[in-house]
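Colleague: Generate coordinates for the sequence data below:
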Amino acid sequence: MKKILMGTSAIAMAGAYAGQASAAEWDLDWGGFFVAEVGYASVDSAAGTDFDGVDVLQNAEIIFTPSITLDNGLTFGVDIQLEGNTNGDQIDESFAFVKGSFGQILIGSENSAGYKMTYGAPGVYFHGVNSGSLSAYIPGIYGNDVFRGTGGASFIEVGRNNDAQRVTYFTPRFSGFQLGVSYARDGLQDSSGPVDVDSAGTLHDIFDIGANYVNSFGGFDIAVSGRYGVGTLEGTPGTGPTAATFNPGLTQRPNGVIVQNNTPSGQANFVTSNPGSTIVTPVTVNTPAVAATAGSAGSDPEVWAVGLNLGYNGFTVGGSYASSDDSGALAQDGDFYDLGVSYKTGPWGVSFTYSHGENEVSAGGADSELDQYMGAVTYKLGPGVAVGAFAAYADFDAPGGTAGDIDGFVIGTGFKLSF
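Modeller: Numbering: from 1, shown residues only. Coordinates of the predicted model:
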């Protein structure tokens with residue numbers, strides 16, 4: 001028994017050392033951020049509601065990025081982003097990657113190459129007008145197609161898919177230029193199960209391509225981006241024509257009563273009314289022919305966007321424009337743009353940004369419109385620690401009248417920890 005125990009201990013120790021040697025080759029990196037914020041909002045909303053007052057906004061993620069670089073120079077790793085708050089999408093993004101001199105490949109749940117390569121208006125605060133963050137203080141301003149859609153962002157996706165299971169390739173950056181392409185079989189997130197791509201209403205075969213150019217010339221900086229995405233949306237299937245048919249088991253009296261000939265004596269049993277009536281010479285009952293019914297054609301939803309940032313001596317100006325087209329079946333046609341200016345000097349940063357988004361609420365119907373304004377200032381207290389304050393105004397115009405209109409003003413302050 002003693003020898004067995006000693007042998008078992010030796011095996012366990014060997015396994016432990018092997019595990020340590022293996023772990024030592026990996027860079028078990030992790031990080032994340034935590035934004036904590038307090039703000040006061042004054043909201044003009046529909047009668048019978050009151051959203052005025054002080055509220056708290058927090059946003060947090062822990063990001064695990066273990067990786068290993070092999071002797072041949074290739075680096076393999078994963079990126080897993082855990083939401084810091086209870087969330088329906090508790091794991092935000094999760095993908096594996098391999099990179100080397102050829103560029104980088106991503107496989108898993110992640111945004112498209114076009115989304116990741118887009119530039120928007122410069123801002124210094126922890127959130128901005130190119131997002132849905134202000135709805136934490138002013139509920140209702142994002143009435144339609146805001147998240148990944150032109151109702152409130154230029155960071156959009158085909159059919160508003162989000163972190164779909166996809167494969168993405170980024171080229172190395174050559175003289176400031178970089179290209180990225182993505183493909184997703186369907187728009188499902190965090191799922192690799194089979195999808196019937198012939199099913200009505202299914203979004204599938206989603207392609208994205210993006211490119212940007214980043215460079216500096218003395219004290220002058222430039223960043224420009226462009227992207228295009230398209231997918232296939234299945235329409236509603238139609239029905240083929242049916243021929244007229246004869247049913248020998250049914251007869252119809254001249255007065256319209258339908259009877260069924262199913263008795264040995266030949267006497268009919270009435271299917272409908274008047275069972276005591278005497279059957280007269282029947283009329284043959286036929287099922288009439290039915291013409292073919294056309295299905296609704298599927299559309300090919302597409303998105304495109306451009307962005308530009310120009311910087312000089314601490315100042316940055318820029319913006320972006322995005323459009324969602326040919327997606328009437330999804331009721332997501334619209335346009336969005338944002339503009340901004342920022343200035344950074346030492347630990348200080350200040351910015352002002354504006355955005356305008358509009359989008360169809362129903363296919364071919366009226367548009368909703370959203371305007372957002374935001375000014376902010378931040379100060380870096382130390383590595384990974386920044387404090388800031390902001391003031392913002394949002395105005396949402398609902399389609400078809402003023403009943404759903406809402407606007408509000410909010411001021412807030414908070415800090416962000418990046419680790």
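Colleague: Can you list the low-confidence ranges for this protein?
Modeller: 1-24, 142-146, 191-193, 236-298, 327-329, 363, 401-402 (pLDDT under 70).
Colleague: How is this protein partitioned into domains?
Modeller: As given by automatic domain parsing, the domain ranges for the chain are 27-238+300-418, 245-287.
Colleague: Identify the bridge partners of residue 44.
Modeller: residue 407 (DSSP bridges).
Colleague: Residue 161: what's it in contact with?
Modeller: 148, 184, 187, 189, 203, 206, 231 (C-beta atoms under 8 Å, 6 or more residues apart in numbering). For the C-beta atoms, the positions are set from N, CA and C on the backbone; glycine is no exception.
Colleague: Make CSV out of the residues you listed and add neighbour count and distance to residue 115.
Modeller: Output for the contacts of residue 161, formatted as CSV (neighbours: other C-beta atoms under 10 Å; distance: C-beta to C-beta, whole Å):
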residue, neighbour count, distance to residue 115
148, 23, 8
184, 27, 12
187, 22, 13
189, 18, 14
203, 25, 16
206, 23, 12
231, 26, 14
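Colleague: Pick the most deeply packed of the domains of the chain.
Modeller: domain 27-238+300-418 (a mean of 18; mean count of other C-beta atoms under 10 Å).
Colleague: ok, for the most centrally placed residue in the chain, nearest residue in space, not its chain neighbours?
Modeller: Against the mean C-alpha coordinate of the chain, by C-alpha atoms, centre = their mean, the closest residue is residue 162 at 2.9 Å. Leaving out its chain neighbours, the residue that sits closest to residue 162 by C-beta to C-beta, 6 or more residues apart in numbering is residue 148, at 5.4 Å.
Colleague: From what I see, that neighbour and residue 163 are in contact.
Modeller: No: between residue 148 and residue 163 there is no contact under C-beta atoms under 8 Å: 9.6 Å.
Colleague: my guess is residue 359 contacts residue 396, does it?
Modeller: No: with contact defined as C-beta under 8 Å, residue 359 and residue 396 do not form a contacting pair (11.4 Å).
Colleague: what is in contact with those two at once?
Modeller: With C-beta under 8 Å, 6+ apart as the test, residue 359 and residue 396 both reach residue 368.
Colleague: And residue 231, how close does it get to residue 161?
Modeller: 8 Å (C-beta to C-beta, to the nearest Å).
Colleague: which residues touch residue 163?
Modeller: Neighbours of residue 163 in contact, by C-beta under 8 Å, 6+ apart: 89, 92-93, 109-111, 189-190.
Colleague: what about 10 Å?
Modeller: 81, 89, 91-95, 108-112, 115, 148, 157, 184, 187-190 (C-beta atoms under 10 Å, 6 or more residues apart in numbering).
Colleague: Could you list which of those residues belong to strands?
Modeller: 81, 91-95, 108-109, 184, 187-189 (DSSP state E).
Colleague: ok, which pair from these is furthest apart?
Modeller: 81 and 187 (19.2 Å; C-beta to C-beta).
Colleague: just the strands in the stretch 1-150 of the chain please.
Modeller: Taking DSSP state E, counting those that start in this stretch, the strands of the stretch 1-150 of the chain run over residues 27-44, 53-69, 75-83, 91-100, 103-109.
Colleague: tell me the contacts of residue 141?
Modeller: Here residue 141 is in contact with 43, 45, 132, 134-135, 151-152, 368, 370-372, 394-397, 405-408 (criterion: C-beta under 10 Å, 6+ apart).
Colleague: of the ones in strands among the contacts of residue 163, closest to residue 72?
Modeller: residue 95 (21.9 Å).
Colleague: Pretty sure that closest one sits against residue 107.
Modeller: Yes: assessed by C-beta atoms under 10 Å, residue 95 is found in contact with residue 107 at 6.1 Å.
Colleague: any shared contact partners between the two?
Modeller: 78, 165-168.
Colleague: Please flag which of those sit within strands.
Modeller: Going by DSSP E, the strands hold 78, 165-168 from the shared contacts of residue 95 and residue 107.
Colleague: Mind putting these into JSON lines with distance to residue 305?
Modeller: As requested, these are exported to JSON lines (distance: C-beta to C-beta, whole Å):
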{"residue": "78", "distance to residue 305": "28"}
{"residue": "165", "distance to residue 305": "22"}
{"residue": "166", "distance to residue 305": "18"}
{"residue": "167", "distance to residue 305": "21"}
{"residue": "168", "distance to residue 305": "17"}
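Colleague: which one of those sits closest to residue 413?
Modeller: Nearest to residue 413 among those, with distances taken as C-beta to C-beta, is residue 78, at 35.9 Å.
Colleague: mind checking how far the closest one is from residue 162?
Modeller: For residue 78 relative to residue 162 (C-beta to C-beta), the value is 19 Å.
Colleague: May I ask you to confirm that residue 140 is in contact with residue 132?
Modeller: No: judged on C-beta under 10 Å, residue 140 makes no contact with residue 132 at a distance of 11.8 Å.
Colleague: So what does residue 398 look like in phi/psi?
Modeller: phi -80, psi 150 (degrees, to the nearest 10).
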